[in-house]
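Visitor: What follows is a predicted protein model with its sequence.
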Amino acid sequence: MNSKLFFNKDISWLGFNGRVLEEAASEMVPLLNRLHFLSIFSSNLDEFYRVKMPAKFALEKIGGKNTAELKQINAIIHKQQKRFGFILDGMIIPLLKEAGIHFFNEEPIPDELTNQVNEIFFNEIAGLLRPVYFENATSFFAENNELYVLVIFKEPKGIDKLAIVNIPAKTLPRLYLLHEGGKRFVVFLDDIIKSKIAILFPGKKVKSTFNIKITRDAELILSEDYEEDIAAKIEKQLKKRDYGLATRFLYQPGIPQKHWKEILDTFNLLKSNLVAGGVHHGLKDLGSFPMKDVEHIYPVKNALAIQISYDTLFKEVTHKDVMVHTPYHQYNAVLRFFNEAALDPAVIEIYTTLYRIAADSRIAHALMSAAQNGKKVTVIIELKARFDEANNLKWSKRMKDAGVKIFYSSNNIKVHAKIALVVRNHATHPYLGLLATGNLNESTAKVYTDHILLTARADMLNELKMLFNFLVKKQKPEKSDHIIFNHLLVSQFNLHQKFLDLIDREIANAGKGLPAGITIKLNNLEEGKLIKKLYKASAAGVKVDLMVRGICCLIPGAQGLSENISVKRVVDRYLEHGRIFKFINDGNTEIFMGSADWMERNIYRRIEVCFPILEEALKTELNDILALQWADNVKAVWIDKNGENQPVSISEVPIRSQVEIYQYLKNSAEII
């Protein structure tokens, strides 16, 4: 991309992760939730090294390409990691101590805990440890994202020897809560092992120990070979994922220089893989901090019930469109949609897409029940949903065994649409549909802000049926398919061009002096043609307000390019995940929602579905929600013309949009 027109997408993503990190520093956030934001930051960074960094290292290895970008990325990450350490050690740990929780991060475990540590080590840990000397390490392979202790021994002849010990954090708790003398202590599994390390090497003099971690390339390689079932391919590739090339060797500082060559050779590392960290790594485990003090976590907000006037949800939907806003609303209406479909004798067929399935999915259970009740159930499962492949594969097998017809997308395209369709023997309303911005997943619905439309509109749902018929063909669209969408916006068909046309209409209206304006909320904004069209709208005098949670490649507020474009980023208690698109249209406002971010992958390599909101009451509701989010001056930041997060000045009443939206929906329910 032209750097004068676009921000670098990976550097922009790091800006988002930096914003997540600042939530951990915020005094507004309850203490244990601040640890949770540190966990999210750490998990995000792990994924960045597993997915994004391999290509950058490859380009650098080819011939110095990408070197400047890589240096900038490394500098940003280094700065963020220093900030992480300061927040944890300088801010949160002292506050934990004030709350009566002694968390040992860089301090040794005190002697008063020796008896408990011994019990834990010998009863739980010892049998899971596998010490390996470097000289015997020919068959040893450091697994992806696993934690280890590097051990340095002092030998009589002055030649130090090295060994490695696994930290079994996937099997055991990473953090242990201990009680002694009326006090509470939290210690790392790593430190318990290190305190007993000499037991693992009898007769050896341990000189020093260091925590290390290797992150590896996690991309799955799926060739276009239709002779082999894609499920079998995924299963094979998952077994190889933990053995990809190393992209990061995270180490505790202080390892003597003289040992680095042996370390690099043993682990097959490059110097560019080396990243100095803190004492402990894999700090996504802070999310399972073993304390649940009510006064130190966000207070429970009771999710609001969707008001139903009829005895069934299906009857309600035939009378009016229904909208669910998670997590402010209960997810029961979505679960009820599938449960009623499974039991209703009028239902003949059920179609749905599943991208990330819940670990114990009630939706999947309802679909299996429907199939066993004699209904034709068709599910398009995306096996290539990154890091959810194994769970999706498990559920696909279970549903197939229950009689559900399972279809997978082709290797080079993902089905990311969030849609479902019920076909009934019904004279006036043969179709009932569900169209959403987020996954059909009752677990993530508790923490992701998303929007789900339930509708019986025949014109829209006829098109949805047509799309499902296409999806089961399991191939990319061809011009000869003759599929025309007038209501739905579907990538590979009309979505990209429709959004370009909608922006052009605002440009034309502005040119005529008519009301014009664009408000868009999405997760990521990267696709070049759409960004350029927004620049053109800005030049025409169209005011463009963007809420972009993650990657934003558009440069806002730049003279001669985007003076009329402003960008906000909101990070708060819940993960902002909904995609909403609003166009003023000379006062006849149109609002669309859907699954599609404006990224190349969403536009060109996925099946996405966006859809219009036609019920006036729901348009008003969404418009009010957008206005509350844009007014946020507490948890929002501006993205400036340099791509930096800038605080929003609070000149008037503080507005925290997630709090205000909950109250708005609560008030609306009470009025009804």
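Guide: Perfect, thanks for sending it. Numbering: from 1, shown residues only.
Visitor: residue ranges for the helices of the stretch 51-200 of the chain, please.
Guide: Counting by DSSP state H, counting those that start in this stretch, one finds helices in the stretch 51-200 of the chain at the ranges 53-63, 67-85, 93-98, 114-120, 189-195, 197-200.
Visitor: Repeat that for the stretch 251-400 of the chain.
Guide: 260-267, 313-319, 332-343, 362-372, 389-401.
Visitor: Tell me which of those sits nearest to Val300.
Guide: helix 332-343 (16.9 Å; CB to CB). All C-beta spots, glycine's among them, are computed from the backbone N, C-alpha and C.
Visitor: Can you name every helix or strand that the helix or strand containing Tyr49 contacts?
Guide: If you go by DSSP states H and E, Tyr49 is part of helix 31-51. Packing contacts for helix 31-51, counted by 3 or more CB pairs under 8 Å, 6 or more residues apart in numbering; DSSP states H and E, involve helix 9-25, helix 67-85, strand 206-216, strand 246-251.
Visitor: same thing but 6 Å
Guide: helix 9-25 (3 or more CB pairs under 6 Å, 6 or more residues apart in numbering; DSSP states H and E).
Visitor: who does the helix it packs on touch, helix- and strand-wise?
Guide: Partner elements for helix 9-25 (3+ CB pairs under 6 Å, 6+ apart): helix 31-51.
Visitor: still on that earlier bit, export the helices of the stretch 51-200 of the chain to TSV and append columns for mean neighbour count.
Guide: Listed next are the helices of the stretch 51-200 of the chain as TSV, based on neighbours: other CB atoms under 10 Å:
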stretch	mean neighbour count
helix 53-63	15
helix 67-85	15
helix 93-98	15
helix 114-120	15
helix 189-195	22
helix 197-200	15
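Visitor: Between those helices, which one is closest to Asn339.
Guide: helix 189-195 (41.6 Å).
Visitor: List every C-alpha atom in that closest one, with coordinates, as PDB.
Guide: This file holds the C-alpha atoms of helix 189-195, laid out as PDB (Å, rounded to 0.1, in the frame of the first residue of the first chain):
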ATOM      1  CA  LEU A 189       3.900 -22.700  38.600                       C
ATOM      2  CA  ASP A 190       7.200 -21.700  37.000                       C
ATOM      3  CA  ASP A 191       8.600 -20.500  40.400                       C
ATOM      4  CA  ILE A 192       7.500 -23.700  42.200                       C
ATOM      5  CA  ILE A 193       9.500 -25.700  39.700                       C
ATOM      6  CA  LYS A 194      12.500 -23.400  39.800                       C
ATOM      7  CA  SER A 195      12.600 -23.600  43.600                       C
END
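Visitor: State the mean pLDDT of it.
Guide: Averaging pLDDT along helix 189-195 yields 96.
Visitor: which outside residues touch that helix?
Guide: For helix 189-195, contacts defined as CB atoms under 6 Å, 6 or more residues apart in numbering pick out Ile109, Val117, Ile120, Phe121, Val149, Ile167, Ala169, Leu172, Arg174, Thr209, Asn211, His280.
Visitor: related to what we said a few turns ago, show me what the helix holding Tyr49 is in contact with.
Guide: Counting by CB under 6 Å, 6+ apart, 17, 20-21, 23-24, 92, 95, 215, 218, 247-248, 283-284, 286-287, 289, 296-298 sit against helix 31-51.
Visitor: quick one: which of the contacts of helix 189-195 has the most company?
Guide: Compared across the contacts of helix 189-195, Ile167 has the highest neighbour count, 28 neighbours, by other CB atoms under 10 Å.
Visitor: ok so, going back, make a markdown table from the helices of the stretch 251-400 of the chain and add distance to Glu442 to it.
Guide: Conversion of the helices of the stretch 251-400 of the chain to a markdown table gives the following (distance: least, CB to CB, whole Å):
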| stretch | distance to Glu442 |
| --- | --- |
| helix 260-267 | 41 |
| helix 313-319 | 16 |
| helix 332-343 | 7 |
| helix 362-372 | 6 |
| helix 389-401 | 13 |
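Visitor: do you know which of those lies nearest Asn302?
Guide: Here helix 332-343 is closest among the helices of the stretch 251-400 of the chain (CB to CB), at 12.6 Å.
Visitor: tilt between the closest one and helix 362-372?
Guide: Here helix 332-343 runs at an angle of 10 degrees relative to helix 362-372 (axes from the mean of the first three to the mean of the last three CA atoms, to 10 degrees).
Visitor: Which strands or helices does helix 332-343 pack on?
Guide: helix 313-319, helix 362-372.
Visitor: Buried deepest among these, which one?
Guide: When those are scored by mean count of other CB atoms under 10 Å, the highest mean neighbour count falls to helix 362-372 (a mean of 21).
Visitor: pLDDT on that one, on average?
Guide: 98.
Visitor: now do the same end-to-end measure for stretch 198-216.
Guide: End-to-end distance for stretch 198-216: 30 Å, by CA to CA, to the nearest Å.
Visitor: buried residues in that stretch?
Guide: Using 16 or more other CB atoms under 10 Å as the test for burial, stretch 198-216 gives Leu200, Phe201, Lys204, Thr209, Phe210, Asn211, Ile212, Lys213, Ile214, Thr215, Arg216.
Visitor: Just the mean pLDDT for stretch 78-93, thanks.
Guide: So the average pLDDT for stretch 78-93 ends up being 96.
Visitor: One more: stretch 23-36?
Guide: 97.
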